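In: sequence and predicted structure are below.
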Amino acid sequence: MIDWKLRFVTVTKLIVCLTGMPGAGKTTIAEALIPRGFDKITMGDAVRAEAKRREIEPTGENLGRLMLELREKNGPGAVAELVKDKILNSKSDVVLVDGVRSLAEIDVLKKIGTVKVLAIHASGDTRFKFLTGRGRSDAPADRNDFSKRDSREMGVGMSESIALADETISNNNLTIEQLVEMAYKIIKGWTT
């Protein structure tokens, strides 16, 4: 006799937390890996969506203030809580979470999947050039604005997530292709 009962297999998602200072190359990696079958969720987009909902102009200063407010009101993992449903609803087995800033956010994500942390490092000069060149509303106006943003990011625990990353890529003298390929090889190694 054949047992016709259906068996459901739970597939645990691999959640790759991309961390690093603003402009290091996290978004470049995440966007370039979408065609390779990975899904991308951006932590900053969750904050931008909240700003839009509240009718707050999405300047760098306003978004930074809102990020801090969300963390103060709802705990240090608040922004990760905003993206949990998107991760769970993703059709991909590998989800890249662009812009993880703290261990508290990583802990939130560990509750819904297998988490690996990939830190992207780049010098201040490299990052400033990237940030001012991409043309987003939250780009730093000058070096002083850039320094304030870096300080805010460090203040929410960015240095810990970078220091405790499973792997790190230095993005100072890489082409975009080299950066993406290095990240892809690391992530594929985590899936086997």
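Out: Nice, thanks for sending it over.

In: now do the helices in the protein.
Out: With helices called from DSSP state H, the chain shows them at 26-33, 43-53, 60-74, 78-89, 103-110, 124-133, 143-155, 158-163, 176-191.

In: could you list the low-confidence segments of this protein?
Out: Low-confidence segments of the chain, defined by pLDDT under 70: 1-11.

In: related to what we said a few turns ago, Leu118 is nearest to which of the helices of the chain?
Out: Across the helices of the chain, Leu118 has its closest neighbour in helix 176-191 (6.1 Å, C-beta to C-beta). C-betas here are computed from N, CA, C, even on glycine.

In: sort out which residues of the closest one are buried, please.
Out: By neighbour count, and taking 16 or more other C-beta atoms under 10 Å as the criterion, the buried residues in helix 176-191 are Leu179, Val180, Met182, Ala183, Ile186, Ile187.

In: quick one: that helix to helix 26-33, angle?
Out: Angle of helix 176-191 versus helix 26-33, following axes from the mean of the first three to the mean of the last three C-alpha atoms, to 10 degrees, is 80 degrees.

In: what lies in contact with helix 176-191?
Out: Applying C-beta atoms under 8 Å, 6 or more residues apart in numbering, the external contacts of helix 176-191 come out as 14, 16, 25, 28-29, 32-33, 36, 38, 93-94, 96, 116, 118, 120, 166-167, 169, 171, 174.

In: one more time with 10 Å
Out: Contacts to helix 176-191, defined as C-beta atoms under 10 Å, 6 or more residues apart in numbering, come from residues 14, 16, 18, 24-26, 28-33, 36, 38, 93-94, 96, 114, 116, 118, 120, 122, 166-171, 174-175.

In: whichever of the residues you listed end up buried, select them in PyMOL.
Out: Here is the PyMOL command that picks out the buried ones among the contacts of helix 176-191, judged by 16+ other C-beta under 10 Å:
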select buried, resi 14+16+18+24+25+26+28+29+30+32+33+38+94+96+116+118+120+122+167+168+169+170+171+174
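
In: which of the contacts of helix 176-191 fall in strands?
Out: Judged by DSSP state E, the subset of those located in strands is 14, 16, 18, 94, 96, 114, 116, 118, 120, 167-170.

In: how about the residues you listed, which pair is most distant?
Out: Top of the distance list for these (C-beta to C-beta): Thr114 and Ser170, 25.2 Å.

In: got a list of what the residue nearest to Thr168 when sequence neighbours are not counted touches?
Out: Once flanking residues are discounted, Thr168 sits nearest to Ala119: 4.4 Å by C-beta to C-beta, 6 or more residues apart in numbering. Neighbouring residues of Ala119 by C-beta under 10 Å, 6+ apart: 17-21, 24, 26, 100, 158, 161-170.
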